[in-house]
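Asks: generate a structure from the sequence data that follows.
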Amino acid sequence: MPKVKIAIVGVGNCASALVQGICYYGRKTSQQAIGLMHWDIGGYRPQDIEVVAAFDIDRRKVGLDLAQAIFAPPNCTTVFCPDVPPTGTIVVMGCVLDGVSEHMQAYDPLHTFQPADLPQPRQEEVVRLLKESGAQIMLNYLPVGSEAASRFYAECALAAGVALINNIPVFIASDPVWAERFARNGIPIIGDDIKSQLGATITHRVLTDLFKKRGVALERTYQLNTGGNTDFLNMLNRNRVLSKKKSKTEAVQAVAARRLAAENIHIGPSDYVPWQKDNKVAFIRMEGRLFGDVPMNLELRLSVEDSPNSAGVAIDTIRCAKLALDRGLGGVLEGPSAYFCKHPPRQFDDDEAHRLIEAFIAGNQGNPH
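Replies: Just a heads-up that it's a prediction; the model follows:
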């Protein structure tokens, strides 16, 4: 199969896990491949993905080969493939805009972004690099709250004619204006806000759906998350986390038997614990009433390495975006967005979303626009 050529915006922990995973699974057979939802998607395997362009703003990464940059501070995710060979792709200076929250500069440089003292690229320069690299798909891995920066790169994707996978809770695919622009230009987009492979939100959704299917009235619930990576440090700025809370909350509300009042549902990042590094700990509590109006409650603690959990989904979104390009589809990819993202334009329960993604892969779903 031809290579699936991607550009990465933000060479952080999630990008590190993805690049490690491409190398890791390239050394496996389908029988040895543990931890994938799909080994083959339309003939494309994990090792068919190639990163041909990468953007970051940190002085410890800009100018390095991607294989080195993914292990540079402040990245702190698990190293499960330490010998990633040189890629030939050099990380170039990206556009900062609102990508760095001011409060992060008050913390140890080992844990924060250190912007390089280099000129920031204009849109036409980014577009030129995308075209020259042969990139077909762009992945947005910017920090939560990077509204202006995300829109800058979305404009670049449109101008360069590359598909966009919006992994963060800046609402682009779920914004009708942006969705229409991608559809009008015949460019696929998947978004918004990637779900983890087995993370807090998908687990919370499944349990909420279980309450509904078993006739248990859900009365109140919370999901509290702690972690020690730059994502959690960035989200200490509560103004940057508003879209994240909205995205995660709506993902759970969408599968409940009835919507909970705002005071009875709390879902979102809770605190930054540096020594946790890339490990995320989620605490979920659900209170309800079952037969005879008798009260019950459920408490769950989930501990996962955050970025490989994300990469387990990203590796499938990339190949689905490539299938859309091969098939000449443009606009929001409804099935992939519903299955892979917390805040798609249209929510489905997880059984239906799974049916939609399998139908899409099989070629039974056309352009929803």
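Asks: mind picking out the helix or strand in this structure with the poorest mean pLDDT?
Replies: Using mean pLDDT, DSSP states H and E, the weakest-scoring helix or strand in the chain turns out to be strand 265-272, at a mean of 92.
Asks: sheet-wise, list the partners of it with their directions.
Replies: strand 217-227 (parallel) (DSSP bridges).
Asks: list the buried residues for the partner strand?
Replies: 218-219, 221-227 (16 or more other Cβ atoms under 10 Å). Using the backbone N, CA and C atoms, a C-beta is placed for each residue, glycine as well.
Asks: for those residues, which one is nearest residue 292?
Replies: The closest of these to residue 292 turns out to be residue 219 (Cβ to Cβ; 15.1 Å).
Asks: so the closest one versus residue 351, what's the distance?
Replies: 24 Å (Cβ to Cβ, to the nearest Å).
Asks: equivalent analysis for residue 202, please.
Replies: Noted for residue 202: a distance of 13 Å to residue 351, by Cβ to Cβ.
Asks: which of the two has more residues huddled nearby?
Replies: Neighbour comparison, residue 202 and residue 351: the larger count goes to residue 202, with 17 against 12 (by other Cβ atoms under 10 Å).
Asks: ok, for that one, nearest residue in space, not its chain neighbours?
Replies: Beyond its immediate neighbours in the sequence, the residue positioned closest to residue 202 (Cβ to Cβ, 6 or more residues apart in numbering) is residue 195, lying 5.3 Å away.
Asks: what's the burial count for the one you found?
Replies: Other residues lying near residue 195 total 27 when counted by other Cβ under 10 Å.
Asks: same list, the buried residues of strand 217-227, but as JSON lines with distance to residue 4 and pLDDT please.
Replies: JSON lines is the format used below for the buried residues of strand 217-227 (distance: Cβ to Cβ, whole Å; pLDDT from 0 to 100):
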{"residue": "218", "distance to residue 4": "41", "pLDDT": "98"}
{"residue": "219", "distance to residue 4": "46", "pLDDT": "98"}
{"residue": "221", "distance to residue 4": "38", "pLDDT": "98"}
{"residue": "222", "distance to residue 4": "39", "pLDDT": "98"}
{"residue": "223", "distance to residue 4": "33", "pLDDT": "98"}
{"residue": "224", "distance to residue 4": "37", "pLDDT": "97"}
{"residue": "225", "distance to residue 4": "31", "pLDDT": "97"}
{"residue": "226", "distance to residue 4": "35", "pLDDT": "97"}
{"residue": "227", "distance to residue 4": "30", "pLDDT": "97"}
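Asks: now do the same contact list for residue 12.
Replies: Going by Cβ atoms under 8 Å, 6 or more residues apart in numbering, residue 12 touches 56, 75, 141, 143, 230-231, 307.
Asks: ok, now residue 281?
Replies: 225-227, 301-303.
Asks: quick check, nearest of those to residue 314?
Replies: residue 227 (18.1 Å).
Asks: I appreciate the help and will end here.
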